[in-house]
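> predicted model follows, preceded by the sequence.
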Amino acid sequence: MKTKSLGFIGGGRITRIFLQAFANKKAIFESISVFDTNPEIVQSLKLKFPFIQVSDSAQETARKDIVFLALHPPVIMETLGKIMADVTDHTIFISLAPKITIAKIASILPIHQIVRLIPNATSVINHGYNPVSFASGMSEIQKSYILEMLNLLGHTFETAEEKLEGYALISAMLPSYFWFQWNELEALGTQMGLTETESRESVFETMSAALNTMYHSGMKSAEVMDLIPVKPIGENEAQIKTIYQEKLMGLFGKIKP
């Protein structure tokens, strides 16, 4: 892969995840620059990832070969207006946010190489599940390069842009629905007499096997869920389903274009 310069506008969690994934794979780029309006955030990144360069402005960062916009939707359009004079026909622009479409980005930036990616936090260990959509003006060579680079994060696959917000809720945010529950079960295990290591291993191994049973056993979902007759929180299932419907569909309504 021919090396290119990368620029990250925004130095928050997702940029940290990308940098860690690149470091894990010992990926080599011409340079990696990061800009954030909070200089302390970038300096913290610099301490953890000495190979990055600290940019003085979003405009400077936008002059790199590949520019990642790692910002929340409310500030994206304003930021695009600030950098529009600094991108060129050769810039590949990758937005990491939901809601703001390729068409909206293209209405401000004078380029055709626009990409949208919904990144997954599991990319931090190079096991991401990351859907990506490309502007119609991008060549197959450009798309192939971007996919090769993004596959450093894990599994990256092309999908229709209108599906990205669905993936944001059902994939990118999905770990947050369960991580705290696994952590609580670990704590309960220690209360029941298991060591911390035993409890942690028990949750991990059983959860891994449970996922494989649900999705790789060839059994129907109802059959899998009937394998264990005792369901300690079964009476709460309807309430939990209602929470999923109300919270997730409500959020979907807010982030969809």
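Good, I have the coordinates.

> burial count for Phe22?
22 (other CB atoms under 10 Å). C-beta: built from backbone N, CA, C; applies to glycine.

> I'd say His72 and Ala97 touch.
Yes. Using CB atoms under 8 Å, His72 makes contact with Ala97 at a distance of 6.5 Å.

> who has more neighbours, these two?
Ala97 (22 against 13).

> quick one: neighbours of the nearest residue in space to the more buried one that is not next to it in sequence, just the number.
Leaving aside its sequence neighbours, Ala97 sits nearest to Pro73 (CB to CB, 6 or more residues apart in numbering; 5.1 Å). By the criterion of other CB under 10 Å, Pro73 has 14 neighbours.

> ok, now which ones touch Pro73?
Counting by CB atoms under 8 Å, 6 or more residues apart in numbering, Pro73 makes contact with 97-100, 255.

> then Ile108?
77, 80-81, 84.

> restricted to strands, list those.
If you go by DSSP state E, the contacts of Ile108 have nothing in strands.

> now list the buried members of the residues you listed.
Among these, those scoring as buried are Leu80 (criterion: 16 or more other CB atoms under 10 Å).

> cross the contacts of Ile108 against helices and list the overlap.
Counting by DSSP state H, the part of these found in helices is 77, 80-81.

> domain map for the protein?
Following automatic domain parsing, one gets these domains for the chain: 5-160, 172-255.

> strands of the stretch 151-257 of the chain, start to end?
154-158 (DSSP state E, counting those that start in this stretch).

> which residue ranges of it form helices?
For the stretch 151-257 of the chain, the helices defined by DSSP state H, counting those that start in this stretch occupy 164-167, 174-191, 196-216, 221-225, 237-255.

> for these, give me JSON lines that also has mean neighbour count, distance to Val34 and mean pLDDT.
Putting these into JSON lines (neighbours: other CB atoms under 10 Å; distance: least, CB to CB, whole Å; pLDDT from 0 to 100) gives the following:
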{"stretch": "helix 164-167", "mean neighbour count": "20", "distance to Val34": "24", "mean pLDDT": "98"}
{"stretch": "helix 174-191", "mean neighbour count": "13", "distance to Val34": "24", "mean pLDDT": "97"}
{"stretch": "helix 196-216", "mean neighbour count": "12", "distance to Val34": "33", "mean pLDDT": "98"}
{"stretch": "helix 221-225", "mean neighbour count": "11", "distance to Val34": "43", "mean pLDDT": "97"}
{"stretch": "helix 237-255", "mean neighbour count": "11", "distance to Val34": "25", "mean pLDDT": "96"}
